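1. sequence and predicted structure below; questions after.
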Amino acid sequence: MDITLVVLAAGIGARYGAGVKQLEKVGPTGEIIMDYSIHDAIQAGFNRVVFIIRHEIYDDFMEVIGRRLEERFRHRDVQWEYAFQELTDPPAGRTKPWGTGQAVLSCKELLHGPFAVINADDYYGKNAFAEAYRFLSAHKPGEKGCYGMIGFVLKNTLSDVGGVTRGVCEMNEAGYLTRIVETRHIVRTPEGAAVQEQSGLRPLDPDSLVSMNMWMLTPDFVEALEEGFAPFKRQMKDPVKDEYLLPEIVDSLIQKGAATVQVLRTGDAWFGVTYQQDKPLVVEAFRKLIAQGVYAPDLFSDL
């Protein structure tokens, strides 16, 4: 059975170079965060990779990322596919596509089995991909509405530089998601974590689980995306800025009783270059992982 990794990469800039955070070199031999994600996914057992990009960056993407990864993994039985997210029927003033839900919908013709979704510019850790593969490989053909999500410990996802937005998870005793609360302006504090509000800091449980947009899904979810896209566009409050987002879509299915989402906890730290000042911290984090033997200094030398 094919287990597919879907990489949300349509946000990569049309011009490569300084300032494109997905291309920041964080490894000792020039590796970017996406290299580590693809490496960890294939080591875990994923055998298909679908990149969601935009048509106008295809040539640049293939030159900088696509062909390089295909060459690195040429000895592994991996299929590489490309899907394109476009801004369809834009209202006046809108310049960006419709969000992560539309991104996954754009590759519906390529998704015939279980798949995981990740952001291109987030580091999730080896354990996250191992858990995701284990969950998806247990999928039974024809089974619908049974999804999963990797839950990260909040304190392991905070920036030392500024506030972040996280989907804070509410779960039942069995470990299934009951609600995602999109929470903005979460900052690190001496006590752990808090939300920066006008009235001051509101403490959060630093050990609570949050979503970092790593989902385990099946093709029936794409059908739900398709059914919900037109109603979303009809009901938008701000046609210029509103987005069709995976956490909100999943949450809606849970509230309607149309899906269950098992939350699989990982203790791995999340890394990302949310702010430019984050880059040295991410470089140091990878240096420590290499020193601990988690990765080889040349990431691809163990293939």
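-> Happy to help now that I have it.
2. and the strands in the stretch 201-303 of the chain?
-> Along the stretch 201-303 of the chain, the segments classed as strands by DSSP state E, counting those that start in this stretch run 209-217, 260-266, 271-272.
3. among the ones you listed, which is nearest Tyr244?
-> With C-beta to C-beta as the criterion, Tyr244 lies closest to strand 209-217 of the strands of the stretch 201-303 of the chain, at 13.7 Å. Using the backbone N, CA and C atoms, a C-beta is placed for each residue, glycine as well.
4. next, the angle strand 260-266 makes with that closest one.
-> Between the axes of strand 209-217 and strand 260-266, defined by axes from the mean of the first three to the mean of the last three C-alpha atoms, to 10 degrees, the angle is 120 degrees.
5. show residues contacting strand 209-217.
-> 8, 100, 104, 114-119, 122, 124, 128, 132, 135-136, 147-154, 157, 166-169, 171, 180, 246-247, 250, 263, 265, 270 (C-beta atoms under 8 Å, 6 or more residues apart in numbering).
6. got a list of what Tyr176 touches?
-> When contacts are counted by C-beta under 8 Å, 6+ apart, Tyr176 is found next to 260-263.
7. which one of the residues you listed is nearest Asp2?
-> Gln262 (21.2 Å).
8. not counting residues beside it along the chain, what's closest to the closest one?
-> Taking C-beta to C-beta, 6 or more residues apart in numbering as the measure, Gln262 lies nearest to Gly148, with 4.8 Å between them; neighbours along the chain are not counted.
9. just to revisit the earlier point, among the contacts of strand 209-217, which ones are in helices?
-> Using DSSP state H, the members of the contacts of strand 209-217 that fall in helices are 100, 104, 128, 132, 135-136, 246-247, 250.
10. export those residues to a markdown table and tack on distance to Val49?
-> Formatted as a markdown table, the ones in helices among the contacts of strand 209-217 follow (distance: C-beta to C-beta, whole Å):
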| residue | distance to Val49 |
| --- | --- |
| Thr100 | 17 |
| Val104 | 14 |
| Ala128 | 16 |
| Ala132 | 13 |
| Phe135 | 18 |
| Leu136 | 14 |
| Leu246 | 18 |
| Pro247 | 23 |
| Val250 | 22 |
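11. who wins for most neighbours among these?
-> Taking other C-beta atoms under 10 Å as the neighbour criterion, Ala132 ranks highest of these with 31 neighbours.
12. quick revisit: for Ser37, find the nearest of the strands of the stretch 201-303 of the chain.
-> Checked against C-beta to C-beta, the stretch from the strands of the stretch 201-303 of the chain lying closest is strand 209-217, at 9.7 Å.
13. what's the offset of the closest one from the middle of its chain?
-> Strand 209-217 has its C-alpha centroid displaced from the chain centroid by 7 Å (C-alpha atoms, centre = their mean, to the nearest Å).
14. give the rounded mean pLDDT of that strand.
-> Strand 209-217 carries an average pLDDT of 96.
15. using PDB, write out the CA atom coordinates for it.
-> Included here for strand 209-217 are C-alpha records, laid out as PDB according to Å, rounded to 0.1, in the frame of the first residue of the first chain:
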ATOM      1  CA  LEU A 209      -1.000  19.600  23.000                       C
ATOM      2  CA  VAL A 210      -1.200  21.800  19.900                       C
ATOM      3  CA  SER A 211      -1.600  21.200  16.200                       C
ATOM      4  CA  MET A 212       1.300  22.100  13.900                       C
ATOM      5  CA  ASN A 213      -0.700  21.100  10.800                       C
ATOM      6  CA  MET A 214       0.500  17.500  10.600                       C
ATOM      7  CA  TRP A 215      -2.500  15.500   9.700                       C
ATOM      8  CA  MET A 216      -3.100  11.900   8.800                       C
ATOM      9  CA  LEU A 217      -6.000  11.600   6.300                       C
END
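16. how close does the residue nearest to Pro203 when sequence neighbours are not counted sit to Pro206?
-> Spatial nearest neighbour of Pro203, chain neighbours left out: Ala194 (4.9 Å); criterion: C-beta to C-beta, 6+ apart. Between Ala194 and Pro206 the computed distance is 9 Å (C-beta to C-beta, to the nearest Å).
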